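Give me coordinates for this.
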Amino acid sequence: MISRDATIAASTAFLFGGVSWLYQQQLRHIKKKEKSLSNTSDDSISDLPSISIASIEDSSGSDSDSHDLSVLPCIRNRRSIFPSGFLQNPPPLDDAIIQSLLDAAIWGPFHGKCFAGCKHPAKFVVLGKQSMVEMQHMTLEYYDKNWKEVGWGDGKVGGTQEEYDTWRKMTHDEITGRWGPCSHMIAIVMRRQSGPKRLPEWEEAAAVAAATQNMHLQSTKFPQLACYWSSWHAAARDSKEMKEFLGMGEEDKCLGFFIVAQAKRMSKDRRVRDKSLLEVEWRK
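Next up, the predicted model:
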């Protein structure tokens, strides 16, 4: 009996072989037409059939929508969905979905690829249910010790014990409330020097941001996902306790957490993004 892997391999070879044959046929057709039109005016060149991967795959009888090469629809579908939109008591999320987000992240640009021995400056620490709770308790313990010096919440400094206690209770309740439905929290870490050459910090931070955006774009392939990038509680995020918890180097920086949950429903997209939001200057 032929193994499943062998069957898949054979089917794949047949599929790509068919696409390759169609490509060769269209290429021969174009060359013949170019030769026949070699003595005609330039205006007639527009009659040549366009050739693209999409058109070749469409001619093989496959669904054209699955071969849309435009990345813009994917970008426009990327949305930040916050805890109010999370599904309560969701079914477990397959680890393979999380892995696909990480697989997308590695394709983000990073300057270090130009130098031997450099690795991507991003480090992602995937926190499951237990680890998420541990991280949040660590956050609260940090503020218990340091709130008078660093403040809390949005950085409020100089408040009273009563005010802090109110904030702490609210934040503690969020462990099972606001964050309870989360499937994973993915810590976003910038490794300051991931290879032998020391690159500018802004380049490494930009590379980590690009990798994180790739994860968010990939999440649009799974309509049930609800994701967003949380900057987290700043003082705790930047603390040595967080560095120890995430296994970071001395100069590494935590840039927040990529929150992964499941959506209650996909509400109508009411965002408006017109050209006036972006400042662009064209120069010759």
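
Go ahead and confirm Trp152 touches Trp167.
Yes. A contact is recorded between Trp152 and Trp167 when judged using Cβ atoms under 8 Å, the distance being 5.3 Å. Quick note: C-beta positions are derived from backbone N, CA and C, even for glycine.

Of these two, which one has the most company?
Neighbours per residue, other Cβ atoms under 10 Å: of Trp152 and Trp167, the larger number sits with Trp152, 23 against 17.

give me the beta-bridge partners of that one?
Going by DSSP bridges, Trp152 is paired in beta bridges with Lys156.

residues contacting it?
Trp152 is in contact with 143, 159, 164, 167-168, 233, 235, counting by Cβ atoms under 8 Å, 6 or more residues apart in numbering.

Now for Gly151, how many residues are close by?
Quick note: Gly151 (other Cβ under 10 Å) scores 18 neighbours.

Let me fix that, I meant to ask about Val157.
Counted with other Cβ under 10 Å, residues neighbouring Val157 total 11.

Against Asp252, how distant is Glu244?
Applying Cβ to Cβ, to the nearest Å, one obtains 11 Å for the distance of Glu244 from Asp252.

again with Met170
30 Å.

gap between stretch 261-281 and the chain center?
Here stretch 261-281 shows a centroid-to-chain-centroid distance of 16 Å under the convention Cα atoms, centre = their mean, to the nearest Å.

Rounded mean pLDDT for that stretch, please.
Looking at stretch 261-281 alone, the average pLDDT works out to 85.

higher neighbour count, Met170 and Asp252?
Neighbour comparison, Met170 and Asp252: the larger count goes to Asp252, with 19 against 12 (by other Cβ under 10 Å).

Contacts only, for that one.
Contacts of Asp252 were listed using Cβ under 8 Å, 6+ apart, and they are 123, 189-192, 243.

Ala205 now?
The contact partners of Ala205, taken as Cβ under 8 Å, 6+ apart, are 190, 253, 255.

What is the nearest of those to His111?
Lowest distance from His111 to the contacts of Ala205 (Cβ to Cβ) belongs to Met190, with 13.1 Å.

So that closest one is in contact with Lys253, correct?
Yes. Met190 is within contact range of Lys253, at 4.8 Å (criterion: Cβ under 8 Å).

Helix or strand for the residue positioned nearest the centre of the chain, just tell me which one.
In the chain, the C-alpha closest to the average C-alpha coordinate belongs to Met215, at a distance of 1.4 Å (Cα atoms, centre = their mean). Element membership of Met215 [criterion: DSSP states H and E] is helix 201-219.

mean confidence for that helix?
Helix 201-219 carries an average pLDDT of 95.

and the next element down the chain from that helix?
Following helix 201-219 in sequence, per DSSP H and E, is strand 225-230.

residue boundaries of the helices in the stretch 151-284 of the chain?
All helices of the stretch 151-284 of the chain, identified by DSSP state H, counting those that start in this stretch, fall at 161-176, 201-219, 234-237, 240-246.

what mean pLDDT does the third one have?
Going back to what we said before, that points to helix 234-237. pLDDT averaged over helix 234-237 equals 96, rounded to a whole number.

out of the contacts of Ala205, who's nearest Ser239?
Ranking the contacts of Ala205 by separation from Ser239, with Cβ to Cβ as the measure, puts Lys253 on top at 11.6 Å.
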